[in-house]
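no FASTA, just this:
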C-alpha cells in the first residue's frame, strides 16, 4: 500500500494550490471504503489534522483554521484524494500528508511541502 502526495510548492498569500494524493495497493472496491484525511506539520510544531472525508465522499470535516478556504474531495475511480487550498496564508506553510486507516494499521504518505510566502 502506498500513498503519494503531489502538488505542493511555493504560493503567494491569497493564492491557490491543489494537492493530490494517489493511493495504490488497494482495489477500487477497497479504496472506496476508506475514509481519507489530510494532515500537516509546520516546522517546530506537531502534526495536525486539516480535513477528512468519508468513504463515499458525502461527508467532509474541516479544522477551524482552514474552514471556508480548503476543500477536500476524492475520486474513487482514480483511487485519489485532493485538497483544494484557496486564500492561503503564511501560517498554512507546512508539509502536507495524506493518511488512511485499514485495519489493523494506518498508512501515511511522505508528504508534500507547501510554502506560502511573498
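Yes, it's here. Only a predicted model underlies this, so the values are computations on that prediction, with no experimental measurement involved. Residues are numbered from 1 along each chain as shown.

For the chain, which segments count as strands?
Here the chain has its strands, by DSSP state E, at 2-6, 9-11, 17-24, 36-41, 48-53, 60-62, 70-75, 80-85, 94-102, 105-108, 112-116.

Residue 30: which of the ones you listed is closest?
For the strands of the chain, the distance to residue 30 is smallest for strand 94-102, at 7.5 Å, taking CB to CB. For glycine as for every other residue, the C-beta is placed from the backbone atoms N, C-alpha and C.

Who is residue 5 paired with across the strands?
Residues in a beta bridge with residue 5, per DSSP bridges, are residue 21.

what does residue 85 give?
Here residue 85 sits in beta bridges with residue 17, residue 70, going by DSSP bridges.

Can you report how many residues neighbour residue 108?
14 (other CB atoms under 10 Å).

For the nearest residue to it once chain neighbours are set aside, the count of nearby residues, please.
Using CB to CB, 6 or more residues apart in numbering and skipping the chain neighbours, the partner closest in space to residue 108 is residue 99 (5.1 Å). Neighbour count for residue 99, taken as other CB under 10 Å: 19.

okay if I get the strands of the chain as TSV plus mean pLDDT and distance to residue 30?
Converted to TSV, those look like this (pLDDT from 0 to 100; distance: least, CB to CB, whole Å):
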stretch	mean pLDDT	distance to residue 30
strand 2-6	97	14
strand 9-11	98	31
strand 17-24	97	10
strand 36-41	98	12
strand 48-53	98	16
strand 60-62	97	20
strand 70-75	97	14
strand 80-85	97	14
strand 94-102	96	8
strand 105-108	94	12
strand 112-116	98	24
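
So the residue nearest to residue 108 sits against residue 105, correct?
No. Under the criterion of CB atoms under 8 Å, residue 99 is not in contact with residue 105, lying 11.1 Å apart.

Contact partners for residue 111?
Residues in contact with residue 111 (CB atoms under 8 Å, 6 or more residues apart in numbering) are 5, 41, 95-97.

rerun that using 7 Å as the cut-off
5, 95-97 (CB atoms under 7 Å, 6 or more residues apart in numbering).
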